[in-house]
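Novice: heads up, no residue letters with this:
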């Protein structure tokens with residue numbers, strides 16, 4: 001075995017040793033992230049592609065994190081949407097446990113209001129409320145400053161709130177108070 005082959009083999013074993021726990025720790029979060037954004041039949045391929053890219057770049061990143069994986073996944077989701085002919089993002093709320101704690105009518109209003117948001121507003125709210133990322137991580141992921149993120153977040157939340165209010169005051173609506181899941 002040549003010195004170059006030995007170096008590659010050693011690096012591969014070392015990287016695998018660090019990558020495997022990273023993969024196990026973050027697989028479920030990345031899986032949920034992708035499931036909220038694409039149809040079920042595209043899920044496995046996009047999650048796998050995300051971790052393939054992460055594996056290739058793992059040793060060159062100083063501090064791999066969940067936010068870093070979400071950034072990779074966002075590129076893979078975008079690529080898959082282009083491949084699928086630009087299907088709209090899913091507004092699936094099923095894994096939030098809302099139906100366990102809120103009346104179904106309220107959950108349906110929240111889902112309807114969420115589906116009427118622009119993709120950028122919906123993605124911002126998903127990252128903050130569903131993925132529970134910090135403001136710094138969301139700003140990094142969306143490639144903007146934290147101050148710009150705060151402005152965008154409050155505007156998106158206001159648009160969501162006004163849409164929800166309009167829907168809850170519509171005829172045949174229960175007229176309940178609705179909220180997004182609380183931030184942690």
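Specialist: Perfect, thanks for sending it. If you're wondering where the values come from, they're calculated on a predicted model, not measured in any experiment.
Novice: got the domain boundaries for the protein?
Specialist: 3-83, 94-168 (automatic domain parsing).
Novice: Same list, these, but as TSV with mean pLDDT please.
Specialist: Formatted as TSV, the domains of the chain follow (pLDDT from 0 to 100):
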stretch	mean pLDDT
domain 3-83	85
domain 94-168	82
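Novice: and those as CSV, adding mean neighbour count?
Specialist: The way it works is simple: take the backbone N, C-alpha and C, and place the C-beta from them, glycine included. Shown next, in CSV, are the domains of the chain (neighbours: other C-beta atoms under 10 Å):
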stretch, mean neighbour count
domain 3-83, 15
domain 94-168, 16
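Novice: OK, contacts around the residue nearest in space to the middle of the chain?
Specialist: Against the mean C-alpha coordinate of the chain, by C-alpha atoms, centre = their mean, the closest residue is residue 33 at 3.9 Å. Neighbouring residues of residue 33 by C-beta atoms under 8 Å, 6 or more residues apart in numbering: 70, 73, 131.
Novice: Of the residues you listed, which belong to helices?
Specialist: 70, 73 (DSSP state H).
Novice: Looking at the contacts of residue 33, spot the one nearest residue 63.
Specialist: residue 70 (14.2 Å; C-beta to C-beta).
Novice: Ramachandran coordinates for the closest residue to residue 135 other than its chain neighbours?
Specialist: Distance criterion C-beta to C-beta, 6 or more residues apart in numbering; nearest residue to residue 135, sequence neighbours excluded, is residue 146 at 5.5 Å. When read as degrees, to the nearest 10, the backbone of residue 146 gives phi -60, psi -40.
Novice: Please, where are all the strands along the protein?
Specialist: When secondary structure is read from DSSP state E, the chain shows no strands.
Novice: can you map out the helices along it?
Specialist: 3-35, 40-57, 66-83, 98-101, 104-115, 119-125, 135-141, 146-168.
Novice: State the separation between the third one and the centre of the chain it belongs to.
Specialist: Put plainly, it is helix 66-83. 9 Å (C-alpha atoms, centre = their mean, to the nearest Å).
Novice: angle of that helix against helix 40-57?
Specialist: 130 degrees (axes from the mean of the first three to the mean of the last three C-alpha atoms, to 10 degrees).
Novice: Not counting its own residues, what contacts helix 66-83?
Specialist: Applying C-beta under 8 Å, 6+ apart, the contact partners of helix 66-83 are 26, 29-30, 33-34, 37-38, 42, 45-47, 49-50, 53-54, 57, 61, 87, 89, 127, 131, 133, 137-138, 140-141.
Novice: again, only using 7 Å
Specialist: Here helix 66-83 makes contact (C-beta atoms under 7 Å, 6 or more residues apart in numbering) with 26, 29-30, 33-34, 37-38, 42, 46, 49-50, 53-54, 61, 87, 131, 133, 137, 140-141.
Novice: sorry, back to before: from the contacts of residue 33, which single one is nearest residue 163?
Specialist: Scanning the contacts of residue 33 for proximity to residue 163, where the rule is C-beta to C-beta, the winner is residue 131, at 21.2 Å.
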